[in-house]
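Q: show me how the following folds:
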Amino acid sequence: MKKQLLIRDVTLRDGQQSLFATRMNQKQVERTLPAYKNAGFYAMEVWGGAVPDSIMRYLHENPWERLESINQALGNSTLLTALSRGRNLFGYSPYPDDVISGFNRNAIQSGISIMRIFDALNDTDNIRSTIKFVKENGGIADCTLVYTVDPKYSTREKMKALLHAKVLPTKIFTKEYFLKKAIELQDMGADIITIKDMAGLITPQRAGMLVRMIKQHVSVPIDFHTHCTPGYGLASTLMAIVNGADIVDTSLMSFAGGTAAPAFELIQLFCDRMGIDTGVNIDAVIQLDQILRNIRLELKDFDTYPTPKEFNILTDKLPRDIDQMLEMAIAYAKADKEDDLLEVCHRIESWFGFPDPDAKICEAEIPGGMYSNMLAQLKALKLEKLLPRALELIPLVRLASGCPPLVTPTSQIVGVQAVNCALDESNGNPIYTTKSIQFVNLVKGVYGHTPVPVDPDFRFKLAGVKAETPYITRFYKKQENPVFEEYGGVKLALNEKEELLLELFPAVAYDYLKKRMEDTYLAEIHRVEEEKQRKIEEEKQKYNILSPEEKQKRLLDGLYNYEWSSSDGETIGLS
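A: Numbers count the residues shown, from 1 in each chain. From the prediction side, this is the model:
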């Protein structure tokens, strides 16, 4: 019997979010669904992440309707997956249990089978309630180890620390750190544990070692998720498979590579050579790739990468050297030869037309989105020259704030603060003169327990308290659901799902729901006016064929109130 590997397709959420700023509209999504129904993927990530916010903000579409339409089209052919940030869900502040419960209940009722739950600090306390509510509603709790690396200090900072007899901490995110978290998650009720490398920083050796070690100590399935930005993605996924991963995340080829996940087709080529059954219908994959290539052309305004070459995995033959490289990659993965594995994987990806590894991201060891956000922030101020210093300050900002993993939202918080510190220096001010409220809250403890403790004196300097001070959810104020008399006295949110949109995305959902209300109101006025005009036209036709005596009788009987002109010039009223 063949060894089995389950595939979670992330094309419709992570793939389009990574490459095209989550701009696939409802009609484009629906074009893919008949083929997806036949594809046989174990699971499909279709919701959560940036999807709810982006489709309201940019496409003026309802996130719940997006999910429900996908669920209706796919039925029970695959398990649908969503991504949420535990107690923070999609926002920057923790939510009370009634909001978390309502969100997860509605998500599962609308079609989600697997809720992937992560916390930006790897604080398991922040996902405990979500696990509970997911399982209570019959969902599968997929709990995440957010992968990250230790701060990478510059030579300048190392010398400064040496001169002041300070020790810069290292060996924070060790294999023991991740194993401890995995065991905690299993004990809390995790049905799946995902090693989730959202920045693409996990090297092949590290991927293989973590999968192998965690599988020795936990009994639930292990999923492996990474991105390709720094050039590790394909090789690390192959190493995870060789070392026993139960599930891997992939995108279809036309939505893969670069800042996205590795391509399913390349993973399938490896699996074919290793005698591993993915259970995926390749005919459906070929059909999907054609559909997605056309959609990618429609999304060209948001596309910054070259499209990989077309390749029919069933009929097209690989050049002999590429075919040999696939075999070599497997052999190198099994022998744990990381450098050789990376070299051949890069050559394979290059032949297929995937982007080259991003050397800047590889060196800086930060997520690609974080790098681009920092650059955009400095460009807006015409201070791009400060980018090298801002990158150099990231390890110190991380260390000062408790070494958070660099993942949404902490990557943005740390990145913005590093830019602020570089600006402070350039203006002759002490660093942290300029600070964001989010950074102050991170240091204060609002987001939860950081991997290493924040220095109490630094916390007091920034936040005015020495002790870690968590967010108290009893002070949470629910968003208002106003009534608009000018639109017929209706509430902005018409049901619990729409109320949840207001809670999770206050400004964006308010604008979306208000515009929908206006459109609905105007459409109703238009409908009533059209109905009125239709009745008038009908009565005109009836009146014009009447005899003069009958016309006179109807007028005298008072049957007409609304004025209009008959064909013979009479001014008539219609009731």
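Q: the stretch 251-400 of the chain: helices as residue ranges?
A: Taking DSSP state H, counting those that start in this stretch to define them, one finds helices in the stretch 251-400 of the chain at 264-274, 282-298, 320-334, 338-352, 359-364, 368-380, 387-400.
Q: do you know which of the ones you listed lies nearest L513?
A: helix 282-298 (27.2 Å; C-beta to C-beta). In short, each C-beta sits where N, CA and C put it, glycine included.
Q: so which bits of that closest one are buried?
A: 282, 284-289, 291-293, 295-296 (16 or more other C-beta atoms under 10 Å).
Q: quick one: pLDDT of F354?
A: pLDDT recorded at F354 is 96.
Q: what's the neighbour count on it?
A: Neighbourhood size, F354 [other C-beta atoms under 10 Å]: 27.
Q: list the contacts of the closest residue to it other than its chain neighbours.
A: What sits nearest to F354 in space, not counting adjacent residues and going by C-beta to C-beta, 6 or more residues apart in numbering, is G257, at 3.7 Å. By C-beta atoms under 8 Å, 6 or more residues apart in numbering, G257 lies in contact with 228, 233, 263, 305, 308, 349, 354-355.
Q: out of these, which is most surrounded?
A: G233 (32 neighbours).
Q: wait, it sits on A261?
A: Yes: if you go by C-beta atoms under 8 Å, G233 and A261 touch, sitting 6.7 Å apart.
Q: that older thread, and the residue nearest to F354, what's its pLDDT?
A: Taking G257 on its own, its pLDDT is 95.
Q: what do you get for V407?
A: 85.
Q: burial count for it?
A: V407, neighbours per other C-beta under 10 Å, totals 25.
Q: quick one, phi psi at it?
A: In terms of degrees, to the nearest 10, the main-chain angles of V407 are phi -150, psi 160.
Q: where does the stretch 51-200 of the chain dip in pLDDT?
A: 91-92, 154-155, 157-167 (pLDDT under 70).
Q: so which residues of it form strands?
A: 79-84, 112-117, 140-146, 192-196 (DSSP state E, counting those that start in this stretch).
Q: for the first one, packing partners?
A: Applying 3 or more C-beta pairs under 8 Å, 6 or more residues apart in numbering; DSSP states H and E, one finds that strand 79-84 contacts strand 43-48, helix 63-74, helix 97-109, strand 112-117.
Q: for the ones you listed, give me JSON lines that also has distance to L383.
A: Output for the helices and strands packed on strand 79-84, formatted as JSON lines (distance: least, C-beta to C-beta, whole Å):
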{"stretch": "strand 43-48", "distance to L383": "35"}
{"stretch": "helix 63-74", "distance to L383": "37"}
{"stretch": "helix 97-109", "distance to L383": "40"}
{"stretch": "strand 112-117", "distance to L383": "38"}
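Q: wait, which of the ones you listed is closest to K435?
A: Nearest to K435, of the helices and strands packed on strand 79-84 and by C-beta to C-beta, is helix 97-109 at 28.3 Å.
Q: burial count for A463?
A: 20.
Q: and for E549?
A: Residues near E549, counting by other C-beta under 10 Å: 8.
Q: pLDDT below threshold where in this protein?
A: 1, 91-92, 154-155, 157-167, 540, 542-543, 545-546, 551-575.
Q: buried sites along the longest helix along it?
A: Ranked by residue count, the top helix of the chain under DSSP state H comes out as helix 506-544. Neighbour-count burial for helix 506-544 flags 508-510, 512-513, 516-517, 539, 543 (criterion: 16+ other C-beta under 10 Å).
Q: now swap in stretch 64-78 and tell me
A: 64, 66-67, 69-71, 73-74, 78.
Q: how about those in JSON lines, adding distance to F439?
A: Converted to JSON lines, the buried residues of stretch 64-78 look like this (distance: C-beta to C-beta, whole Å):
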{"residue": "W64", "distance to F439": "33"}
{"residue": "R66", "distance to F439": "33"}
{"residue": "L67", "distance to F439": "33"}
{"residue": "S69", "distance to F439": "39"}
{"residue": "I70", "distance to F439": "37"}
{"residue": "N71", "distance to F439": "39"}
{"residue": "A73", "distance to F439": "43"}
{"residue": "L74", "distance to F439": "42"}
{"residue": "T78", "distance to F439": "40"}
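Q: so which of these is the closest to E425?
A: The closest of the buried residues of stretch 64-78, once distances to E425 are taken by C-beta to C-beta, is R66, at 44.9 Å.
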